Structures are given as C-alpha cells and as structure tokens.
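Novice: Predicted structure and sequence below. I'll ask about it afterward.
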Amino acid sequence: FFFFSQMSPLVKALCLLLPFFLLLNWQWHSPCCGSFARVHPPVSSVVVVGSGLAGLTVALTALQLGVHVVLLEKNPHLGGNSAKAASGINGVGTHLQSIANVTDSVKSFAADTSLSAGVQSDLIDVLTSRSSQAIRWLLHLGVPLTELSLLGGHTHPRTHRTHDAAVGRVLVNVLTKHLLQFNGSALTIHTHCPVVGLDRVASQLCVRCPKLTVVTTSVVLATGGYAADSTHTSLLKEFRPDLLSTPTTNGAWATGDGVKLARGLGAGLVDMAYVQEHPTAFVGTGPGSRLLAAEALRGAGALLLNAHGHRFVNELWRRDAVTAQMHLQAKVFLVIAEQSTHEVTHLVDHYVQRGAMHFFPTALSLANWMALPSVAQPGFHQNLTHWTHEADAFFAGVVTPAVHYCMGGVAISTTAQVMDTQALPIPGLYAVGEVTGGLHGRNRLGGNSLLESVVFGRIGGVSATETLLNKALLPPWTFIPPTRRSHMYTPSRRFQMAEVRQHTTRTDCWVVLDGVVYDLTHFVEEHPGGDALILHHAGKDVTSVFRRMHSVEMLAEVRGYRIGRLARF
C-alpha cells in the first residue's frame with residue numbers, strides 16, 4: 001500500500017486497469033490457440049466448416065433460427081462439389097410427382113435406397129421420410145425445380161432438377177443469395193480459410209485456421225469426401241489404394257479434411273472402403289479430374305454402346321452394376337438421339353462446348369466416328385432404332401468409370417451428431433453431407449447426395465443451434481397437410497379486407513396474396529423463414545413481400561390453404 005501511495009496518478013491508473021487487460025486476454029485467447037492467434041467472433045456462434053450444399057443448408061437453417069454463424073471455406077468461392085451436380089435431387093410426394101401422376105411412396109423410396117446400399121438403417125428412414133419437406137423448403141427459397149426424371153436404381157421418377165441450368169449450381173446460387181442477406185450482421189464468411197486443427201478445451205471446441213481461431217460449443221463439419229485425396233495423409237491410400245491412380249470427377253479440394261479433423265477428436269469412421277466409381281465420365285477432359293457425364297443423360301434415353309456398337313448393360317441399373325459391366329469393355333460410347341435431348345439441352349450444350357460430346361447428323365457419320373465397318377453392323381442399327389429411324393441425328397462421347405463419391409465417413413446419429421469409436425456422442429460436434437458415412441452403404445443412388453445435404457443439413461442446423469442455445473427447438477419438418485385447413489376453398493367466396501385483418505394470431509392466421517385469401521394457421525410452424533416472419537404479416541396483403549422473397553413455384557406449395565378471394569377481385 002505504501003508503494004502504491006507513492007505512485008503517480010498515471011501509474012496508479014495503469015495498475016488498476018491491468019486486471020481488466022488480463023481478463024480480456026484470457027477471453028480472446030485459448031490454450032489451444034497459441035499466444036498470437038485471434039479468436040473470432042466475441043459472440044457465441046455456430047461454426048460451419050465447408051460451403052457445399054450441406055454447409056450452406058446448415059448455415060441458413062441456423063440463421064433462420066436466430067443465431068450467429070461463422071462459415072469457413074478453404075476455397076476462394078462457395079459451393080464445393082455441390083456446384084457441379086447435374087442429375088438432380090430426389091423427393092417423394094412432391095408437387096411435380098402429383099402433376100405427372102407418379103404413384104410413389106416413402107416405403108418404395110426407402111426400399112430402393114436400402115437395396116442399393118445393401119443395408120437398412122435409421123438414417124435411410126430419415127432421408128426418405130423427409131424428402132418432400134426438403135423439396136418444399138427449396139421451393140420456398142425460390143429454387144425452380146421444374147423437371148422430373150427417372151435415374152438408375154429407382155423404381156419411380158422422383159429426381160427433381162432445374163430446366164436450363166445444372167441443378168447443383170442453381171441450388172448453391174439460391175442459398176448463397178439468401179445467406180448474403182445476413183452477411184455482416186448474423187453471418188461471418190471466411191474464404192481462403194482451411195481448418196488446420198480442431199481441439200477440445202474443457203466444454204468448448206477450438207477451430208483453428210491459419211488466419212483466425214474460433215472457440216465455440218457448436219461445430220458442424222460439411223467438408224465433403226476424400227475422392228481426390230492424394231495428400232501425404234491420404235484416406236484413399238489408407239482405405240482404397242487400388243483407386244489412387246483412377247481419375248476422379250471431384251475438385252482438388254476433396255481431400256477428406258473433415259474426416260481427419262473428426263478422427264482426431266476420437267470420431268468413429270464407417271464404410272471407409274466404400275468409394276463409388278461413377279460409370280460415365282468423359283475421356284480426354286483432363287489428366288486427373290474428369291468431366292462427369294451426368295446420369296441425367298441416361299435418364300433422358302442415352303445408351304451405352306461398346307466398341308462393336310452393341311448395348312451391353314441396362315443403362316438405368318444401379319451405378320455399381322453399370323460400372324462393373326463398363327470395366328469389362330475395351331471402349332464405351334455414350335450416345336443420345338438429338339430428339340431426346342430436350343430435357344437435358346443445357347448439359348449437352350455444355351459437353352459439346354467442352355469437346356466431350358460431338359454432333360453427328362446421321363447414323364452413318366456416327367458409325368464412322370465409332371470406327372464400325374458400317375451402319376449395318378449387327379446390333380448397331382437395332383440399338384439406334386431404340387429411338388426411331390436410321391436418319392436421326394445424334395450426340396456422342398467416349399466415357400469411362402471415374403472415382404466420384406465416398407459413401408464412407410464420420411459416424412453420425414439421426415440428429416447429425418458425430419459419434420465416437422464407442423458409438424457415444426461427441427458433445428458439440430456435428431457432421432452432414434459426404435463427410436459422413438453409414439447412409440449410402442456400398443452404393444449411393446443418384447439424386448440422394450443433394451437430398452442428404454438438405455435433409456441432414458436442416459437437421460444439423462437445428463441440432464447445432466440447440467447445443468449453442470442449450471435448449472430444445474421445434475423440429476422444422478412437420479408439414480401440416482392441406483386437409484387440416486379450417487375452410488375449404490370456394491372461388492366464389494368473397495372476403496372484405498377488414499375481415500382478413502381480424503385473423504392475426506398463431507391459431508388464426510390469414511393473409512392475402514394476389515387477391516386470394518389464404519388461411520395459413522396450420523402453416524405457421526412449417527414456414528422456413530420462421531413463425532415470427534409469417535405472423536408479422538398476418539392479416540395483411542403480402543403480395544409485394546412474397547414476390548421479393550419467393551418464386552412463383554412456391555404458390556403450388558400453399559395452394560391448399562386458399563379459402564376465397566377479396567371482394568374487389
């Protein structure tokens with residue numbers, strides 16, 4: 001005390017402030033971070049590692065639930081391999097299936113998935129039972145899913161895609177647009193930011209990047225698979241060394257980062273040897289990475305012909321079965337009639353521009369390119385008449401199998417929580433998308449990877465938010481069918497706006513859209529933007545708001561809630 005009393009006022013002030021500086025230093029630095037690492041942000045956040053469709057879905061779900069999100073991406077751009085997806089996303093009981101009079105069911109979808117996987121599981125039940133809600137959510141966001149097709153291994157047409165652009169790129173663009181509405185406030189995005197470490201410090205997780213470190217209670221790994229992993233810690237070399245020299249359709253970023261991070265925390269790994277070779281990748285489109293010939297081409301009618309011009313396989317078998325037959329051929333041509341390309345015009349145009357497919361005005365010109373003796377080669381003419389007559393024009397390219405997708409990965413529960421080697425949950429750690437294993441078994445059906453990203457991305461977003469807030473939230477999945485509405489739609493029924501304004505509560509919620517009155521009482525909890533947003537507009541004309549936030553396809557999803565029209569319309 002004597003020495004303190006002899007100090008100057010400035011030194012006294014510095015001595016008094018020292019404990020506060022030490023406290024701030026403790027809060028912004030962690031034992032796992034090193035003395036100079038910056039911990040970001042100073043608020044509780046859900047940390048999402050990876051920005052493919054799975055990561056974007058997690059981030060948007062958490063943001064819609066009202067928490068701060070930090071999104072870390074090692075590439076300079078968002079999207080990952082999801083942006084390359086072209087064949088579609090599966091869904092059962094959707095509006096498109098209804099229009100096409102497709103009689104499908106969750107049971108049939110689950111059976112197809114289980115047969116392909118070689119296993120039945122709770123993860124498959126979750127994936128298939130929530131597919132229709134996933135499609136509805138995407139339609140709410142404005143994704144124009146307007147095409148329906150049948151892919152290999154499916155017993156019914158249930159694969160949805162966009163009309164004039166690759167569905168993966170559209171999905172990434174739409175979700176990114178919605179995310180950027182939060183950027184700078186509730187969302188922080190860091191690109192060029194690879195995660196190099198994931199450690200536990202007491203009850204928290206420390207996520208380390210070269211340029212920053214984040215400490216949180218809730219981390220979601222959405223880093224994709226290891227189909228391009230030729231690093232010194234290669235998972236392909238460890239589990240499938242036979243595929244190391246096989247070309248891949250994946251980007252160079254698919255190096256299994258999330259699997260390795262989770263493994264370091266004691267996560268269990270499942271099905272790591274199950275790596276899918278896609279049967280059709282174009283030859284001559286790159287020394288290491290091959291351009292995928294989307295399964296949508298075969299869904300539209302493309303045939304696989306061998307060097308003799310013969311079909312040798314059912315093009316719509318499961319991918320593993322088609323690939324096995326492909327390996328028995330010296331050379332394989334993918335051929336599609338020009339008249340069959342109307343569903344996949346954007347894909348064919350892209351492949352032609354890349355030099356992967358070529359146009360042939362006649363069957364004879366195609367036969368010459370394939371080095372067949374003549375168009376009358378036994379079996380060749382018969383295969384071409386699969387479409388119509390000999391004079392049709394064609395598109396064709398040479399294809400070969402390529403490493404495409406990793407069915408193996410981190411073990412998770414049905415709530416997307418990462419499980420350790422003893423099948424116990426690792427607190428605060430979640431994983432979604434291709435980084436996980438156990439869902440697809442030995443073989444993934446086309447259209448299920450994008451679906452998995454949305455279904456488990458939504459689940460992971462809710463689970464991670466619950467952990468961050470330390471409270472349970474209502475699951476966003478229970479869609480109340482239109483039969484639960486309080487009124488039947490009668491076009492001749494007219495309402496005054498004054499009457500609409502009286503219905504403004506959670507249990508009695510009406511809105512007006514383009515002159516039509518909707519009773520959204522049973523839709524409040526289902527609304528992807530949250531109940532608060534829809535209740536804010538209860539009793540009002542929401543036409544202008546709707547047009548800013550949704551596409552016209554969204555109208556099909558709420559059509560069942562119409563009860564009449566405004567008197568002035």
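Specialist: Thanks, I have it.
Novice: Please report phi then psi for the closest residue to L243 other than its chain neighbours.
Specialist: With sequence-adjacent residues excluded and distances taken as CB to CB, 6 or more residues apart in numbering, L243 is closest to V403, at 5.4 Å. (Each C-beta comes from the backbone N, C-alpha and C, glycine too.) Note on V403: backbone dihedrals following degrees, to the nearest 10 are phi -60, psi 130.
Novice: Tell me who's in contact with V403.
Specialist: When contacts are counted by CB atoms under 8 Å, 6 or more residues apart in numbering, V403 is found next to 227-228, 236, 243, 246-250, 275-278.
Novice: what do you get for H192?
Specialist: The contact partners of H192, by CB under 8 Å, 6+ apart, come to 73-76, 211.
Novice: For burial, what's the neighbour tally of L180?
Specialist: 12 (other CB atoms under 10 Å).
Novice: on that earlier part again, which members of the contacts of V403 are positioned in strands?
Specialist: In this view, the contacts of V403 that belong to strands under DSSP state E are 275-278.
Novice: number of nearby residues for P144?
Specialist: The number of residues near P144, taken as other CB under 10 Å, comes to 18.
Novice: gap between it and V58?
Specialist: Distance, P144 to V58, using CB to CB, to the nearest Å: 23 Å.
Novice: What of A117?
Specialist: Remark: distance between A117 and V58 (CB to CB) = 24 Å.
Novice: List the contacts of the residue nearest to P194 when sequence neighbours are not counted.
Specialist: Distance criterion CB to CB, 6+ apart; nearest residue to P194, sequence neighbours excluded, is K74 at 3.6 Å. By CB under 8 Å, 6+ apart, K74 lies in contact with 191-195, 253, 257.
Novice: redo that, cut-off 7 Å
Specialist: By CB atoms under 7 Å, 6 or more residues apart in numbering, the contact set of K74 is 193-194, 253.
Novice: What of A330?
Specialist: Counting by CB under 7 Å, 6+ apart, A330 touches A307.
Novice: Checking my notes, it in a strand, right?
Specialist: No: per DSSP: H, G, I helix; E, B strand; the rest coil, A330 lies outside any strand segment and is coil.
Novice: Flag the shaky bits of the stretch 251-400 of the chain, pLDDT-wise.
Specialist: 285-289, 374-391 (pLDDT under 70).
Novice: what are the ranges of the helices in it?
Specialist: Secondary structure of the stretch 251-400 of the chain (DSSP state H, counting those that start in this stretch): helices located at 257-264, 295-299, 319-326, 345-353, 363-369, 380-384.
Novice: I'd like the ones you listed as JSON lines, with mean neighbour count and distance to T216 appended.
Specialist: Shown next, in JSON lines, are those (neighbours: other CB atoms under 10 Å; distance: least, CB to CB, whole Å):
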{"stretch": "helix 257-264", "mean neighbour count": "23", "distance to T216": "14"}
{"stretch": "helix 295-299", "mean neighbour count": "26", "distance to T216": "38"}
{"stretch": "helix 319-326", "mean neighbour count": "19", "distance to T216": "38"}
{"stretch": "helix 345-353", "mean neighbour count": "17", "distance to T216": "40"}
{"stretch": "helix 363-369", "mean neighbour count": "18", "distance to T216": "57"}
{"stretch": "helix 380-384", "mean neighbour count": "18", "distance to T216": "58"}
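Novice: Could you export those helices as a markdown table, including distance to G168?
Specialist: Shown next, in a markdown table, are the helices of the stretch 251-400 of the chain (distance: least, CB to CB, whole Å):
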| stretch | distance to G168 |
| --- | --- |
| helix 257-264 | 19 |
| helix 295-299 | 11 |
| helix 319-326 | 17 |
| helix 345-353 | 12 |
| helix 363-369 | 30 |
| helix 380-384 | 31 |
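Novice: returning to that earlier point: can you name the two of the contacts of V403 that sit furthest apart?
Specialist: The distance between the two most remote of these (CB to CB) is 15.4 Å, for L236 and H278.
Novice: Make sure F109 is actually in contact with T155.
Specialist: No: taking contacts as CB atoms under 7 Å, F109 lies outside contact range of T155: 8.6 Å.
Novice: For the chain, give me the ranges with low pLDDT.
Specialist: Applying pLDDT under 70 to the chain flags the ranges 1-43, 285-289, 374-391, 473-492, 525-530, 548-557, 560, 569.
Novice: so which of the helices of the stretch 251-400 of the chain comes closest to G284?
Specialist: helix 345-353 (11.9 Å).
Novice: Give me the contacts around the closest one.
Specialist: Contact with helix 345-353 is made by 86, 164-165, 282, 294, 296-297, 341, 357, 359, 395, 397, as judged by CB under 7 Å, 6+ apart.
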